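Asks: turn this into a model:
(2 chains)
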Amino acid sequence: MTTPTRRRSAAVRLGLMALPLAFFALFFAYPVAAITGRGLKEDGQWQLGRVGDVLTDPAIGHVLWFTTWQAAASTALTLLVALPGAYVFARLDFPGKGVLRAVVTVPFVLPTVVAGSAFLALLGRGGLLDQLWGVRLDTTVWAILLAHVFFNYAVVVRTVGGLWAQLDPRQEEAARVLGASRLRAWRTVTLPALTPAVASAALMVFLFTFTSFGVVQILGGPRYATLEVEIYQQTAQLLDLPTAAVLTLVQFAAVGVLLAVHARTVRRSEATLRLVDPAHTAHRPRGAAQWALLCGVLGTALLLVVVPLAVLVQRSLDGPGGDALAFYRALGSAESGGGTFTVAPLEAVGNSLEYALAATAVALLVGGLAAAALTRRAGRLARGFDALLMLPLGTSAVTVGFGFLIALDEPPLDLRSSWLLVPLAQALVGVPFVVRTMLPVLRAVDARLREAAAVLGASPLRVWREVDLPLVGRAVAVAAGFAFAVSLGEFGATVFIARPDSPTLPVAVARLLARPGESTYGQAMALSTVLMLVCAAALLVLERVRVRVRTDGGSEW
Amino acid sequence: MTMLRLEDLTVRFGGQAVLDAVDLAVGEGEIVCVLGPSGSGKSTLLRVVAGLQRAEAGRVLLGGRDQDGVPTHRREVGLMFQDHQLFPQRDVAGNVAFGLRMRGAGRAETAARVAELLDLVGLPGAGARPVRELSGGEQQRVALARALAPGPRLLMLDEPLGQLDRSLRERLVVELRTLFRRLGTTVLAVTHDQGEAFALADRVVVMGEGRIAQAGTPLEVWRRPASEFVARFLGFENVVAATVRGAVAETVWGPVPVPSGTAEGACRVLVRPGGVRIAPDGHLACVVAGRTFRGDHVVVRLRPEGGPELDAACALAVAPEVGASVRVGFAAEDVVVLP
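Replies: Presented below is the predicted three-dimensional model:
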């Protein structure tokens, strides 16, 4: 009866997918294919024998095994530590919550090199633990795992907590009245509702740790290397492009399998949820258990997130001759870093903000359209599209950055001299965050609310604008925050494509770190501190915006 | 003039017919109530008319025009959902104004219409209130105002009063009928509550298992249920197999008088509880198995020597105690012969 309608909605979905698809084809598939092709082709001939050679190498097998198990262990550990945190941030009210939420997000945007150094300062030789108790962890895998938890704590807290805050507490109360214990009610009612968000978060953490680069590079020493580190070494140090290409393909395949598993889990568990205003679900802690939980979470956040950051700040203030601001003053002049820069390192702040804003806009546009297309789950095509959007997270940033350089340098797509190149690469990593944050919320919007709007005369586009968008306003804000943060901290790709005279903050930090010497190390710490503050300030602004949207977003949007 | 016509409408969910070749017409300004147990396909009927659900076969005509291919938002019908589905992020006025905005009404016109409708549903000045602070009855009124605001050709109500408490329901149903009469609204409502249907509708359509079992005025349906299904759905339990001979039907309860002109042969008869008279000269001996207090009368459950149990309605003062032995007879005017 309504076949034309059905055909039209399919057309609308394709229309929504068109831009994201074009974006990914041009700025992801094409550069990655170009660099992989260059590695595997010799004199116009495919050299597929290389694949076998590389894969049977026991050293590569060892790298693959380590990459997988450390990612699994890091994911499990992160969930264990961060799920109570997600609960506390979603359901308990305490002073300073907004600030703390921003603080735990800071590690996420720190350049991995800086965080690696901070953990080294904490756990390594002459580090805080060494000084206090003579404990050193830098030669063990624990340093890597802890640094991974440090990085990904916010992923779980934000993704899971965002949904948790909007779950109707009365669902759990209903289960309690029906005779379920507190734990049982949580396990049987809340946990299943949270499963899609937990699965999403776990997938993201696994992908990040699977492709972990800076942390493993610094804390792993010669004993531990992930695929990404191996690709970097093959590309940048050994100039062995064929091996790097094979490894890129291996990483691709592994990520593909992972995404397929994820799609299965989520499809089985995603249900329509009752969402309520998060302002009404949080309450002050009640009873000893909740106070203990709150203190536990605050203590963990302090030890895990605040202490390494504090060590970082302390080192930045440890200027020569007790001059606390010496390193910061040095950042203002182009002569700092022993001639590494043609401009003052502090100018990187402006560059970083501009790039990150542009990247956020691109990521919101592309990711928002993609999420809208995926809301009405339909068919294999949509699922394939969903998986495609996640691929950049699992692809070596080194490969992407290098690919940009060799693929986008000739007409009609000569972007070498365009400042847009950097935001485009950064947006690539931002899009998956936007999609993953918005999709669970969009899918959980009651379909009958959309029907009510349609009966009242709203066209499908209007329904999206009037019903979906206001309800997901919060998710959009969270998504924007994520996209902004990852853009700000993106390093692997940006380091290849940012112009020498306009470095971003992480690139500037890395350049300072690459120079030996006490003073450049201190300046690197100072610039990292600046990056940290910029990020925290941006996230705080976002928290404010979100609150305002919630209170006067009454009748019009 | 016919506002809505359904022809041979069929919907299947996984091979199961939810609507089975349904024909139905609703005249302009008429209030029709579809009455049926849950799972009888009532809500599906409304969803098909609104274009929210595809039909396998049959046609939906609104104002004489086939709605095939017309998307929901262009059908100009109103639908009040069972749980209202008010937009949680909008205030009361924002909800009521929604349909007007979709039709491109001007700001001043919208504001005036919203105020008028809030007056109409008895919530004057409530425009700025957030919907989550409304009580169930207030939400119902806002949902009604929202559905009425764009002036739909046909207003559909899905269990309109289902979630409200009884006294509010009884008051609102009268208000609704008065309102619809005054506005001349064409209404198609579905409910499982016979009291609601009878109080609201000009015409009642009883549905069971996707088919229309009976259609008629409330009085007709109440007095002459067309089948045992309808009788039992209306709450009549006293149905028994019978063989008609002349003016009397032979049953396990003894002879039951039937209206003159009843065809001879096998059938089933219904004796309404009011027609089961407790009297010393009754021919059927029973024991009182239970009593249910119904306000102005008592329904007494009787266990006869043979055959199924039966209900008798009697005045409070003369109702026998549980366990008492009584005799009953049947009054001809409360006997209905069913096919």
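
Asks: what's the lowest-mean-pLDDT helix or strand in chain B packed up against?
Replies: None of the helices or strands of chain B scores lower by mean pLDDT, DSSP states H and E than helix B:166-183, at a mean of 86. Using 3 or more C-beta pairs under 8 Å, 6 or more residues apart in numbering or on different chains; DSSP states H and E, the elements in contact with helix B:166-183 are strand B:31-35, helix B:136-148, helix B:194-200. All C-beta spots, glycine's among them, are computed from the backbone N, C-alpha and C.

Asks: who touches stretch A:303-310?
Replies: For stretch A:303-310, contacts defined as C-beta atoms under 8 Å, 6 or more residues apart in numbering or on different chains pick out A:81, A:103-104, A:106-107, A:115, A:118-119, A:121-122, A:128, A:146, A:149-150, A:153, A:532.

Asks: at 10 Å what do you get?
Replies: A:81-82, A:85, A:100, A:103-108, A:110, A:114-115, A:117-123, A:128, A:146-147, A:149-151, A:153-154, A:298, A:301-302, A:528-529, A:532, A:536 (C-beta atoms under 10 Å, 6 or more residues apart in numbering or on different chains).

Asks: do the same with stretch B:194-201
Replies: B:30-36, B:157, B:159-162, B:166, B:169-170, B:172-174, B:176-177, B:180, B:187-191, B:193, B:203-206, B:217-219, B:221-222, B:233-235.

Asks: quick check: ChimeraX command selecting the buried ones in these.
Replies: Of those, the buried ones can be selected in ChimeraX as follows, counting by 16 or more other C-beta atoms under 10 Å in any protein chain shown:
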select /B:30,31,32,33,34,35,36,157,159,160,161,169,172,173,176,177,180,187,188,189,190,191,193,203,204,205,206,218,221,222,233,234
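
Asks: picking up where we left off before, what angle separates whichever helix or strand comes after the least confident helix or strand of chain B from strand B:31-35?
Replies: Next in sequence after helix B:166-183, counting helices and strands by DSSP states H and E, comes strand B:187-191. With axes from the mean of the first three to the mean of the last three C-alpha atoms, to 10 degrees as the basis, strand B:187-191 and strand B:31-35 are set at 20 degrees to each other.

Asks: now check strand B:187-191, is it near chain A?
Replies: No - judged by C-beta under 10 Å from any C-beta of the partner chain, strand B:187-191 makes no contact with chain A; its nearest approach is 13.1 Å.

Asks: what does the stretch 101-250 of chain B put close to chain A?
Replies: Selection of the stretch 101-250 of chain B residues close to chain A by C-beta under 10 Å from any C-beta yields B:101-104, B:127-128, B:130, B:132, B:143, B:146-147, B:149-150, B:152, B:156.

Asks: quick check: of those, which has the highest neighbour count?
Replies: Highest neighbour count within those: residue B:146, with 30 neighbours (other C-beta atoms under 10 Å in any protein chain shown).

Asks: in this structure that residue contacts residue A:456, no?
Replies: Yes - between residue B:146 and residue A:456 there is a contact at 7.0 Å, judged by C-beta atoms under 10 Å.

Asks: any common contacting residues for these two?
Replies: B:78, B:87, B:95, B:98, B:99, B:100.

Asks: show me the residues you listed that map onto strands.
Replies: Mapping these onto strands (DSSP state E) picks out residue B:78.

Asks: check the shared contacts of residue B:146 and residue A:456 one by one and keep those near chain A.
Replies: Subset of those in contact with chain A: B:78, B:87, B:95, B:98, B:99, B:100, counting by C-beta under 10 Å from any C-beta.

Asks: where exactly do the helices run in the stretch 1-150 of chain B?
Replies: With helices called from DSSP state H, counting those that start in this stretch, the stretch 1-150 of chain B shows them at B:42-50, B:92-102, B:107-120, B:136-148.

Asks: make a markdown table out of those helices and add mean pLDDT.
Replies: Formatted as a markdown table, the helices of the stretch 1-150 of chain B follow (pLDDT from 0 to 100):
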| stretch | mean pLDDT |
| --- | --- |
| helix B:42-50 | 91 |
| helix B:92-102 | 90 |
| helix B:107-120 | 92 |
| helix B:136-148 | 90 |
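
Asks: ok, residue A:400 - contacts?
Replies: Contacts of residue A:400 (C-beta under 10 Å, 6+ apart): A:27-28, A:31-32, A:35, A:248, A:392, A:425, A:428-429, A:492-493, A:496-497.

Asks: closest one to chain B out of these, please.
Replies: residue A:429 (30.9 Å; C-beta to the nearest C-beta).

Asks: how about the nearest residue to residue A:214, chain neighbours excluded?
Replies: Leaving aside its sequence neighbours, residue A:214 sits nearest to residue A:112 (C-beta to C-beta, 6 or more residues apart in numbering or on different chains; 2.5 Å).

Asks: what's near enough to touch that neighbour?
Replies: Counted by C-beta under 10 Å, 6+ apart, residue A:112 has contacts A:147, A:151, A:208, A:212-218, A:489, A:491-492, A:506, A:510.

Asks: which helix or strand contains residue A:253?
Replies: Using DSSP H and E, residue A:253 sits in helix A:241-269.

Asks: count the neighbours of residue A:437 for me.
Replies: The local packing of residue A:437 (other C-beta under 10 Å) involves 29 other residues.

Asks: coming back round to it: just the C-alpha atoms of the helix or strand just after the helix holding residue A:253, please, in CSV.
Replies: Sequence order places helix A:287-301 as the next helix or strand after helix A:241-269, per DSSP H and E. Extracted in CSV, the C-alpha atoms of helix A:287-301 (Å, rounded to 0.1, in the frame of the first residue of the first chain):
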residue,chain,number,x,y,z
GLY,A,287,23.7,5.6,52.8
ALA,A,288,27.1,4.2,53.6
ALA,A,289,27.4,2.2,50.4
GLN,A,290,26.9,5.2,48.1
TRP,A,291,29.2,7.4,50.1
ALA,A,292,31.9,4.6,49.9
LEU,A,293,31.4,4.3,46.2
LEU,A,294,31.6,8.1,45.7
CYS,A,295,34.8,8.2,47.8
GLY,A,296,36.2,5.2,45.9
VAL,A,297,35.6,6.7,42.5
LEU,A,298,37.0,10.1,43.6
GLY,A,299,40.0,8.4,45.0
THR,A,300,40.6,6.3,41.9
ALA,A,301,40.2,9.4,39.7
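
Asks: show me what helix A:287-301 is packed up against.
Replies: helix A:58-91, helix A:97-109, helix A:141-164 (3 or more C-beta pairs under 10 Å, 6 or more residues apart in numbering or on different chains; DSSP states H and E).

Asks: list the buried residues for the shortest one?
Replies: Along helix A:97-109, the positions that meet the burial threshold by neighbour count (16+ other C-beta under 10 Å) are A:98, A:100, A:101, A:102, A:103, A:104, A:105, A:106, A:107, A:108, A:109.

Asks: show the average pLDDT along whichever helix or strand comes after it.
Replies: With elements assigned by DSSP H and E, the helix or strand that comes after helix A:97-109 is helix A:112-123. What helix A:112-123 shows for mean pLDDT is 75.

Asks: ok, stretch A:249-259 next?
Replies: So the average pLDDT for stretch A:249-259 ends up being 81.

Asks: quick revisit: out of the helices and strands packed on helix A:287-301, flag the one nearest residue A:421.
Replies: helix A:97-109 (20.4 Å; C-beta to C-beta).

Asks: C-alpha coordinates for the closest one, CSV please?
Replies: The C-alpha trace of helix A:97-109 is given here as CSV (Å, rounded to 0.1, in the frame of the first residue of the first chain):
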residue,chain,number,x,y,z
LYS,A,97,31.1,17.4,39.5
GLY,A,98,31.3,19.5,36.3
VAL,A,99,34.9,20.4,36.9
LEU,A,100,35.9,16.8,37.7
ARG,A,101,34.1,15.5,34.6
ALA,A,102,36.2,17.9,32.5
VAL,A,103,39.3,16.9,34.4
VAL,A,104,39.0,13.2,33.7
THR,A,105,38.5,13.9,30.0
VAL,A,106,41.8,15.8,29.8
PRO,A,107,44.0,12.7,29.5
PHE,A,108,42.0,11.7,26.4
VAL,A,109,43.3,14.7,24.5
